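>>> this one's structure only:
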């Protein structure tokens, strides 16, 4: 039942509150704020309230499909599947690196694009996410585990879940961003944003890339692949949390700034990953988180374009 998911979700929310409270106290102290402890305590209270809220609504949401309530496997099987999940991520990134390197060099040699141009960066982004697909496709081909990734024809309920998911992610992003601003916590920037601020046209180019490639292929790796593997032996709750944490951590390499400013970004990405993971578990259809992810990035790129051009 959903209450099985809400229990670890509440604990994760509380843990997030503790982590954020620690970061707030450290940052406020370094900035010479006269009441760092009060800021940290306020942040922790928000985390506690969120955890209580999760628990309070545990009976009002409904049930997940019956086949996700499986008994957990022995520790050996769980460890093996955890290793598989991490290996899948590593393999996907290695394939992406190879596809970008070989593909970009070939296009440059053919005179299609020139290095250090906006077009080259867009092509590199396209190749990167195609590389993710190659990595997961290779895994499925080797293991012949074709049932791992679940894709179905969308229904009216699917469309409703997508709409709710996009709104939830955008509102969560706005709320978290404002909270971090009020608390004076500096957050690292994604390299995509840095590139777009130098040339706002990049944001416009990345909108179709986000919808057609970023959402589908990132979700293929983390929800379809990692979460699907872990669900079988760890259960849906742990699978969602672990896949989301790994999803947040891999963003570390795409950030600019010091380690202290990267931690809040990674935490936020992992938190948003929980929503995507829940949507996948709820629908058992990879199209749902893939479309939600793509549309969410589209909203962000659109807002960044308006801000960079002075229109927003």
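Done, it's in. For clarity, every value in this text was computed on a predicted model and none was experimentally measured.

>>> what pLDDT is listed against residue 114?
What the model reports for residue 114 is a pLDDT of 94.

>>> which SS class is it?
At residue 114 the chain is in coil, as set by DSSP: H, G, I helix; E, B strand; the rest coil.

>>> contacting residues for it?
108, 120 (CB atoms under 8 Å, 6 or more residues apart in numbering). (Glycine included, C-beta is placed from N, CA and C.)

>>> so where's this protein shaky on pLDDT?
1-72, 259, 312 (pLDDT under 70).

>>> show me where it has its helices.
2-30, 36-56, 75-109, 118-143, 156-182, 191-198, 201-209, 215-219, 228-234, 236-250, 259-283, 287-308 (DSSP state H).

>>> isn't residue 165 up against residue 292?
Yes - using CB atoms under 8 Å, residue 165 makes contact with residue 292 at a distance of 3.8 Å.

>>> joint contacts of those two?
With CB under 8 Å, 6+ apart as the test, residue 165 and residue 292 both reach 275, 276, 279.

>>> and of the helices of the chain, who's closest to residue 149?
helix 228-234 (6.4 Å; CB to CB).

>>> ok, residues contacting the closest one?
Against helix 228-234 from outside (CB under 8 Å, 6+ apart): 68, 70, 72-73, 77-78, 80-82, 84-85, 88, 148-150, 238-239, 242-243, 281.

>>> same check, this time on stretch 146-164
Residues contacting stretch 146-164 (CB under 8 Å, 6+ apart): 136, 140, 220, 224-225, 228-229, 279, 282-288, 291-292, 295.

>>> would you mark the buried spots in that stretch?
Judged by neighbour count using 16 or more other CB atoms under 10 Å, the buried positions of stretch 146-164 are 148, 149, 158, 161, 162.

>>> check contacts around residue 247.
218, 222, 269, 270, 273, 276.

>>> just the helices of the chain: most buried one?
helix 215-219 (a mean of 25; mean count of other CB atoms under 10 Å).

>>> contacts for it next, please.
Contacts for helix 215-219 (CB under 8 Å, 6+ apart): 129-130, 132-133, 136, 247, 276, 280, 286, 289-297.

>>> for the most centrally placed residue in the chain, which non-adjacent residue is spatially closest?
Closest to where the C-alpha atoms of the chain average out (CA atoms, centre = their mean) is residue 273, at 4.0 Å. Nearest-residue entry for residue 273: residue 244, 3.3 Å, with adjacent residues in sequence omitted and distances by CB to CB, 6 or more residues apart in numbering.

>>> show me the contacts for that neighbour.
Residue 244 neighbours (CB under 8 Å, 6+ apart): 222, 270, 271, 273, 274, 276, 277.

>>> change it to 10 Å
12, 222-223, 226-227, 269-278 (CB atoms under 10 Å, 6 or more residues apart in numbering).

>>> for residue 107, see how far away it is.
34 Å (CB to CB, to the nearest Å).

>>> what's the answer for residue 273, then?
32 Å.

>>> repeat that for residue 269.
Counting by CB to CB, the gap from residue 269 to residue 107 is 30 Å.

>>> repeat for residue 161
Taken as CB to CB, the span from residue 161 to residue 107 is 38 Å.

>>> likewise residue 304?
In terms of CB to CB, residue 304 sits 26 Å off from residue 107.

>>> before we move on, what about residue 290?
Distance from residue 290 to residue 107, by CB to CB: 26 Å.

>>> with residue 146 instead?
32 Å.

>>> swap in residue 183?
From residue 183 to residue 107 the distance is 44 Å (CB to CB).
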